[in-house]
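Chemist: Provided below for reference: sequence and predicted model.
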Amino acid sequence: GAGVSQSPRYKVAKRGRDVALRCDSISGHVTLYWYRQTLGQGSEVLTYSQSDAQRDKSGRPSGRFSAERPERSVSTLKIQRTEQGDSAVYLCASPFPDQAQGNQPQHFGDGTRLSIL
Amino acid sequence: RKEVEQDPGPFNVPEGATVAFNCTYSNSASQSFFWYRQDCRKEPKLLMSVYSSGNEDGRFTAQLNRASQYISLLIRDSKLSDSATYLCVVYGGNTGKLIFGQGTTLQVKP
């Protein structure tokens, strides 16, 4: 999506391993959100990271998900001790560049498709 | 009960038909509502925001009914290119998190 890019596009990992997914956004976005899409369960928000690199471990479905902000324009989603149920598409999103924070729609990156073996 | 519910479909309609999707949400404090379109293996893209007064963008009309906690999307004169999944999305409060419906699949046939 415009202004938000994710890498890698595809990732395969063995169950139990930790994985890290990257999101690059237009610099200046205070908050970046991570969502997960799975067939049959739809989309759910996982966690988010803010520009001060505050770490948020409150994401669903458990504390295995955390988001870090190593740089202002980069967010990294870390999944610890991956499970087969973590196989999904992971989407990063940020508010549209010309919108203030708050009740505004979000731009999505093109996603990372994660497969856990 | 899910926070945002949609009929997953699929809706199979001929070209030129008018089709309507509905969506209900459970949190009466929700403030912002959107319809996103998602093509297969692509990211969701904003189609339109939904306002209480209703809004129209070409062939697309979105409506919000706060009393019934209900959102609708109407597509007139369907095109083959309208085939996609339509996601009803609700802004989940002051955290900025979007809450998604399951999505409704539309297939427009020639």
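Modeler: The structure has been received and is ready for your questions.
Chemist: just to check, B:Lys109 is in contact with B:Gly16?
Modeler: No: in this structure B:Lys109 lies outside contact range of B:Gly16 using CB atoms under 8 Å: 10.6 Å. The C-beta positions use only the backbone N, C-alpha and C, and glycine is treated the same way.
Chemist: so what sits against both of these two?
Modeler: By CB atoms under 8 Å, 6 or more residues apart in numbering or on different chains, B:Lys109 and B:Gly16 have no common neighbours.
Chemist: low pLDDT regions in the chain?
Modeler: I went with chain A, as the question did not name one. For chain A, the stretches with pLDDT under 70 are A:1-2, A:27-30, A:40-41, A:50-62, A:96-103.
Chemist: wrong one, chain B
Modeler: B:92-96.
Chemist: helices of that one, residue ranges please.
Modeler: According to DSSP state H, chain B carries no segments that qualify as helices.
Chemist: near chain A, which residues of it show up?
Modeler: Contact residues (CB under 8 Å from any CB of the partner chain) of chain B with chain A: B:31-32, B:34, B:36, B:42-46, B:49, B:87, B:89, B:91-92, B:94-103.
Chemist: now those: which count as buried?
Modeler: Taking 16 or more other CB atoms under 10 Å in any protein chain shown as the criterion, what is buried in the residues of chain B next to chain A is B:32, B:34, B:36, B:43-46, B:49, B:87, B:89, B:91-92, B:96-103.
Chemist: how much space separates the spatially closest residue to B:Ile75 that is not a sequence neighbour from B:Asp82?
Modeler: Residue nearest to B:Ile75 in three dimensions, not counting chain neighbours: B:Val19, with 5.2 Å by CB to CB, 6 or more residues apart in numbering or on different chains. As judged by CB to CB, to the nearest Å, B:Val19 and B:Asp82 stand 8 Å apart.
Chemist: next, count neighbours for B:Tyr51.
Modeler: Around B:Tyr51 there are 12 other residues, counting by other CB atoms under 10 Å in any protein chain shown.
Chemist: now do B:Val4
Modeler: For B:Val4, using other CB under 10 Å, the count is 25.
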